[in-house]
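K.L.:
Build me a structure from this.
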Amino acid sequence: MTLQQIQEATEYLQQQTHNYAPDFGIILGTGLGSLANDIEVAYTVPYEAIPHFPVSTVEFHKGKLIFGTLSGKRVVCMQGRFHYYEGYTMQQVTFPVRVMKLLGIHTLFVSNAAGGMNPAYEVSDLMIINDHISFFLPHNPLTGPNLDTLGDRFPDMCDPYDLKLVEKALDIAQQRGMKAYAGVYASVPGPQLETRAEYRLLRQVGADAVGMSTVPEVIVARQMNLTCFGLSVITDMGIPETLEKADIQKIIAAAMKAEPGMTTIIKDLLSTL
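P.N.:
Here you go, the predicted structure:
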C-alpha cells in the first residue's frame, strides 16, 4: 500500500465524518463485535465504501468503521478485521491502522479470540497481552519500501504493549471480580488450528495463547509510535495431552460468554485515560 492510498482513504473518511478526530482506535476480534453497541455513534462507514480498504470475508466479522464516543472518549472502531488467511497481504491487513493514525488516534486497543496453552487458563478466561511472538508469521507488514513519514525502518519492540495499561487492566479485572491473566500471545497465519506438536512447540517457546491476528496490527502501530493495548479471550484450550477436536460454534460461544468482561475492561480502561 502506498502513502497516497492511505491519504486518499483518510481524506474520504474525513469528508464523510466532517473531520471527526478520534483519539483512540479499537479493533474487535472474532465474536467480540458487540462492544460497538455501547458506542454513542456519530458516523458509520461501511468498509466497501472506503477507497483501498479491504473487505472482511469472515462470517463472524461485520465490516463497518464506527466513529463516536465510548466512556466519554472519541473513538474509531473497526467492527470486523482482516486476516492474512483471507488472501490479503500483510500491508492490506494493517492498512486500517495506518489510516486510523492519520485520522488522529494516539492509542490502539486490539482484541482477539485465542487458543489457550497455559494450563492455568480456562475457556472464556481473559488474557491481557503483555508481549507477543511474531516469528511464525509468513510475512512482516513492514517489509518493502519504508514509508518514512509514518515511522522508523527498524522500530523497537522492547515493550509493544503499554505495561501501565496492562497493570491498569489487571486492577480493573480484580476490582470487578473477573478472572484475567497477563500473558504472551503468539501469532500464526492460519486458518487451520494447531496440531498437538505445534501447541507443544508454541508453549515451549513461551506463548500462553495463540491466534491468527493482532500482532501485524501492533507491529505497524508501534512503528507509528501508537500506544497499544491487547486483550485475548480464551475460546478453546490447546493442551496437547487433553486436546479435543475444535468446534467453531463452541469457540464463538466461548467468545460471546467472555465478551461482557472484555467490554467492561476496555470501557473502564478508557475512562481512566
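
K.L.:
rest of the way, CA atoms for contacts and neighbours
P.N.:
OK.

K.L.:
Please tell me the pLDDT value assigned to Lys62.
P.N.:
pLDDT for Lys62: 65.

K.L.:
meant to ask about Val99, not that
P.N.:
For Val99, the predicted pLDDT is 97.

K.L.:
show me the contacts for it.
P.N.:
Ile6, Gln7, Ala9, Thr10 (C-alpha atoms under 8 Å, 6 or more residues apart in numbering).

K.L.:
tell me the SS of it?
P.N.:
Secondary structure assignment for Val99 (DSSP: H, G, I helix; E, B strand; the rest coil): helix.

K.L.:
Glu40 pairs with what?
P.N.:
Glu40 has these beta-bridge partners by DSSP bridges: Thr69.

K.L.:
quick one: it from Gly68, how far?
P.N.:
5 Å (C-alpha to C-alpha, to the nearest Å).

K.L.:
Those two: which has the busier surroundings?
P.N.:
Higher neighbour count among Glu40 and Gly68: Gly68, with 21 against 17, using other C-alpha atoms under 10 Å.

K.L.:
is it true that that one touches Asp38?
P.N.:
No. Contact criterion C-alpha atoms under 8 Å: Gly68 and Asp38 do not qualify, at 9.9 Å.

K.L.:
Just to be sure, Leu231 is in a strand?
P.N.:
Yes. Assigned with three-state DSSP, Leu231 falls within a strand.

K.L.:
For it, which residues are in contact?
P.N.:
Here Leu231 is in contact with Val110, Ser111, Asn112, Leu126, Met127, Ile128, Ile129, Met262 (criterion: C-alpha under 8 Å, 6+ apart).

K.L.:
TSV please, covering these and showing secondary structure and distance to Leu226.
P.N.:
Shown next, in TSV, are the contacts of Leu231 (DSSP: H, G, I helix; E, B strand; the rest coil; distance: C-alpha to C-alpha, whole Å):
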residue	secondary structure	distance to Leu226
Val110	strand	12
Ser111	strand	16
Asn112	strand	19
Leu126	strand	23
Met127	strand	21
Ile128	strand	18
Ile129	strand	16
Met262	helix	21
